[in-house]
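Visitor: Have a look at this prediction, sequence included:
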Amino acid sequence: MEKNLAEKTRIAPSPAMQRWKPPQELNILLVLVGIALIYEAMGWIFIGQSFLANTQRLTITILQVSVVGIIAVGVTQVIITSGIDLSAGSVVAMTAMIAASVAQSSEWTRALYPGFTDMPAIVPISVGIILGAIAGLINGALVAYARIPPFIATLGMMVAARGISKWYTKGQPISGLTDQFTFIGSGAWPVVVFIVVAIIFHVALKYTRYGKFTYAIGSNMQAARVSGINVEAHLVKVYAIAGMLAGLAGIVTAARAQTAQSGMGVNYELDAIAAAVIGGTSLAGGIGRITGTVIGVIILGVMSSGFTFLRVDAYYQEIVKGVIIVAAVTVDVYRNRRGRG
Amino acid sequence: MSDVTLADPTAEQALLLSAQGIRKEFPGVVALDGAQFNLRSGSVHAVMGENGAGKSTLMKILAGIYQPDAGSLHLKGKEVMLSTPLDALEKGVAMIHQELNLMASMTVAENIWIRREPRNAFGFIDHKKMNRITNDLLQRLRINVRADGEVRTLSVASRQMVEIAKAVSYDSEVLIMDEPTSALTDREVSHLFEIIRELRTEGKGVVYISHKMNEILEISDEISIFRDGKYISTHSASTISRDEIIRRMVGREVLQMFPKEDVELGDVLLSVKNLDLEGVFSNVSFDLRAGEILGMAGLIGSGRSNVAEALFGVTPPTSGEIRIAGQSVQIRKPSDAIAHGMAFLTEDRKETGCLLALDILENMQIAALQTRYTRSGFVQGGSVAVDCAEMARRLRIKMTGLNVSIQNLSGGNQQKVLIGRWLLTAPRILILDEPTKGIDVGAKAEIHGLVSSLAKSGAAVILISSELPEVLGMSDRVLVMHEGKVTGILPRSDATQVAVMELASR
Ligand SMILES: Nc1ncnc2c1ncn2[C@@H]1O[C@H](COP(=O)(O)OP(=O)(O)OP(=O)(O)O)[C@@H](O)[C@H]1O
Ligand SMILES: [Mg+2]
């Protein structure tokens, strides 16, 4: 069999074998453009300003959602396996606190660990990422080996990690961080981190075995197992990566704020899930792409920045956000039902 | 169509269901075009055609699952619209689907009476009554399962019988059966036929789809043939020959059974000693040589699939020894088995086969990615796509492209994708559980050919099939099981239908 196949000259697959389909992100991209244009029009009508022709606003828009974006890249992968990760926001707070505690400058007189001040930035960064990975590892082990439903396992982690971040300093913020550390949060660096992370995992999901297995597990766990995928080990990997990215997000958050507080990252996990779902990731598993999630993240950013621009009350923002999330899930359910025929 | 004996058109008064000029299009595919179908009461009407001919699509239209793009439906002379499956049920059309649709964690009774459970005075489900009427139903149909047993504990065949009981319980005038026997052995098939004959005597109309020619000729009164979404002809079953049906179905000459090739047998590749799985099978021992095809026969519940699952690590055995090429190996999970060059096509393509959210390419490559087509974690997309395209061509998968979702394929074509999945791994030991389930007559011989050539190239094959002719035709030796025990291993020369049945029912 193999020989027969190998004997065939290696021709490119015939065009007939790959029927052209419009990119799946087209719809959601149009939604993004539509929202932006609505703001643009309303801007001219109500306050006589352009929404889009303002580079500073656009930069801030993206900057504000980069942290959620970094998390969403991990959460998307978890959702593709037909799981969920509710712990990301709390892990951000936990890693921000603990990383910041080893990123303090000696000029700061109330350093938490006076013996560990002025560390090179690599130390707090590694601490944050490793800590996030451990949290993810625990999530993954609970889901894969203890067979606890992902919702419950990560809910537990959500509560516990938030608790740790409060306990760590008894509620006190951690300030006086080194310039080397806060550099990662300065200027547009958070956006760069977000984009790099998105590209890495876009490639990983699309072109590597890791990605193919992730989709297969989400599509049919039993079939994936019989096809020789070590489902448990792979799930642990996916949750650990999500935790690692939450850890990275925690570092960026602390660096950007130049301080760490236990109340950081509240509801980030929900924004991340919303971004993934708006971007076309199916909660039923097996479907989803990082490009969609990135657009979903930008939609969230544009929405809130547009409301600020129009000086709309924050309450309305949340209401509209809620409506958009439900609309996205409705479309997802509808799409699934039609697909199944 | 003038040269054939058309079914008597004068029996107009007994017309139960009639569909005319049906057209159904899916994105990029015309599944049906100008299809017609007439079902008389008190008759069994077989629908035949190759994989992807449009049989299931037509039935789904009759059962209210799809809406036709054009054409009309009449039930007992009255034009009807069947907008949902529930609507169709209320108007008297029930359907048994090609894929099993039972809820594994619910009991047999709950599955059968779902959405119409008997209620007590307080409006709660009356479980006692439900179990009682289920037991009555099962007893009437002589189906041997417990009403209060969970479906997950049942074999695929028993689940199929539950589906049949469920469909019968609607007491509909029209009963559509889409490949009900693809998981059944001869004994259950004749049981099903008894049920069908009773329904026919009661004046019901039964639509019967199968790729098994013997069954069609035995049970049906009329046969309608479809090809590429088009209606070809309708015949009275007593006047048309097997060859004529096939000629009309495929529009070309085909081999019906692949001739067994003589293969020089090599060394023992797989050696199984005293394999046990507590409460399921015990003391299973056999040797398998390179180039050999070992058939496994037995009734439903005899444990054939369980042995296969144990060998592959799906449910690891409780004790016993497995040796591959002389080395004792531990297989605790499927990835271990694959690492040893094994491949396993499971019998339930929906539960353990298809990755329904994904496309054909992703479905076909997934097992091979364990051992081939990757370089430092990256999938070599070009070469795997070329090989998948070639595999699809050899298996004659009817599709519009490799990037089409597997859900959009017909049942038989999904099966071919799964066969392709395992052939792509270039296995040393190939275990096939009902490989030609749902595969049409034309493609069956080609799959047999592929398996034979794999054996010829030195692989060892275990072939489980509920179709005895397939087992007898393909195998060098036939292992027969009964109630979890091996009752005999017959060499090809002694493996006759009678000898095998004798061992299988002892
Ligand atoms: N939901 C769908 N979306 C797109 N195409 C579909 C869909 N369902 C069926 N098709 C296509 O319609 C054609 C007819 O399919 P159908 O399932 O009716 O075949 P069939 O005769 O039942 O074949 P089999 O013997 O393999 O079960 C096939 O080419 C199939 O790919
Ligand atoms: Mg079909």
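Guide: Good, I have the coordinates. Ligands and ions are numbered 1, 2, ... in the order given.
Visitor: now the strands: where do they sit in the stretch 201-350 of chain B?
Guide: Applying DSSP state E, counting those that start in this stretch to the stretch 201-350 of chain B gives strands spanning B:205-209, B:222-227, B:230-236, B:268-277, B:281-289, B:293-298, B:319-324, B:327-329, B:342-345.
Visitor: Quick one: these as TSV, columns for mean pLDDT and distance to residue B:186 too.
Guide: Where C-beta positions appear, they are placed from N, C-alpha and C, glycine not excepted. Putting the strands of the stretch 201-350 of chain B into TSV (pLDDT from 0 to 100; distance: least, C-beta to C-beta, whole Å) gives the following:
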stretch	mean pLDDT	distance to residue B:186
strand B:205-209	93	17
strand B:222-227	92	21
strand B:230-236	91	25
strand B:268-277	91	25
strand B:281-289	91	21
strand B:293-298	92	10
strand B:319-324	91	30
strand B:327-329	91	35
strand B:342-345	94	22
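Visitor: For residue A:130, which of these is the nearest?
Guide: Set against residue A:130 and scored by C-beta to C-beta, those come closest in strand B:327-329, at 36.8 Å.
Visitor: For that closest one, which strands pair with it and how are they oriented?
Guide: Using DSSP bridges, the strands paired with strand B:327-329 are strand B:319-324 (antiparallel).
Visitor: in the strand it pairs with, what counts as buried?
Guide: Neighbour-count burial for strand B:319-324, with 16 or more other C-beta atoms under 10 Å in any protein chain shown as criterion, is recorded at B:320, B:322, B:324.
Visitor: Check stretch B:96-108 too.
Guide: Buried residues in stretch B:96-108, defined by neighbour count with 16+ other C-beta under 10 Å: B:96-100, B:102, B:107-108.
Visitor: can you check stretch A:226-241 too?
Guide: A:226-232, A:234-241.
Visitor: just stretch B:439-455 next, same as before
Guide: For stretch B:439-455, using 16+ other C-beta under 10 Å, the buried residues are B:439-448, B:450-452, B:454-455.
Visitor: what about residue 280, how many neighbours?
Guide: I'll assume chain A. Neighbour count of residue A:280, defined by other C-beta atoms under 10 Å in any protein chain shown: 23.
Visitor: hm, I was asking about chain B
Guide: 16.
Visitor: before we move on, what about the one 5 residues further on?
Guide: With neighbours defined by other C-beta under 10 Å, the count for residue B:285 comes to 14.
Visitor: Give me the three-state assignment for residue B:32.
Guide: When classified by DSSP: H, G, I helix; E, B strand; the rest coil, residue B:32 comes out as strand.
Visitor: hang on, it packs against residue B:229?
Guide: Yes: counting by C-beta atoms under 8 Å, residue B:32 touches residue B:229, with 4.8 Å between them.
Visitor: Quick check on those two: which one has the bigger neighbour count.
Guide: Using other C-beta under 10 Å, the more surrounded residue of residue B:32 and residue B:229 is residue B:32, with 29 against 23.
Visitor: Would you mind measuring from the more buried one to residue B:59?
Guide: For residue B:32, the distance to residue B:59 equals 11 Å [C-beta to C-beta, to the nearest Å].
Visitor: Could I get the contacting residues of residue B:32?
Guide: By C-beta atoms under 8 Å, 6 or more residues apart in numbering or on different chains, the residues touching residue B:32 are B:22-24, B:54, B:57-58, B:61, B:68, B:229.
Visitor: so of these, which ones are in helices?
Guide: Taking DSSP state H, the ones among these that sit in helices are B:57-58, B:61.
Visitor: before we move on, back to that, common neighbours of residue B:32 and residue B:229, please.
Guide: B:54, B:57.
Visitor: where does chain A have low pLDDT?
Guide: For chain A, the stretches with pLDDT under 70 are A:1-22, A:332-333, A:335-341.
Visitor: Please, where are all the helices along it?
Guide: Ranges of helices in chain A, per DSSP H, are A:2-7, A:26-42, A:55-80, A:88-101, A:122-144, A:150-168, A:179-182, A:189-207, A:209-219, A:221-226, A:231-257, A:268-278, A:290-309, A:314-340.
Visitor: Same question for the stretch 351-500 of chain B.
Guide: Listed in chain order, the helices of the stretch 351-500 of chain B (DSSP state H, counting those that start in this stretch) span residues B:360-365, B:381-394, B:411-423, B:441-456, B:468-474, B:497-504.
Visitor: what's the first one packed up against?
Guide: It refers to helix B:360-365. helix A:209-219, helix B:381-394, helix B:411-423 (3 or more C-beta pairs under 8 Å, 6 or more residues apart in numbering or on different chains; DSSP states H and E).
Visitor: Check the third one too.
Guide: If you count contacts as 3+ C-beta pairs under 8 Å, 6+ apart, helix B:411-423 packs onto strand B:342-345, helix B:349-352, helix B:360-365, helix B:381-394, helix B:441-456.
Visitor: Equivalent analysis for the second one, please.
Guide: The contact analysis (3+ C-beta pairs under 8 Å, 6+ apart) places helix B:381-394 against helix A:2-7, helix B:360-365, helix B:411-423.
Visitor: Could you do the longest one as well?
Guide: Helix B:441-456 is packed against helix B:242-250, strand B:293-298, helix B:411-423, strand B:429-433, strand B:460-464, helix B:468-474, with contacts defined by 3+ C-beta pairs under 8 Å, 6+ apart.
Visitor: In a markdown table: those, plus mean neighbour count.
Guide: Shown next, in a markdown table, are those (neighbours: other C-beta atoms under 10 Å in any protein chain shown):
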| stretch | mean neighbour count |
| --- | --- |
| helix B:242-250 | 17 |
| strand B:293-298 | 27 |
| helix B:411-423 | 25 |
| strand B:429-433 | 25 |
| strand B:460-464 | 25 |
| helix B:468-474 | 21 |
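Visitor: which one of these lies closest to ligand 2?
Guide: Ligand 2 sits nearest to helix B:411-423 of all the helices and strands packed on helix B:441-456, at 4.3 Å, using C-beta to the ion.
Visitor: All set now, cheers.
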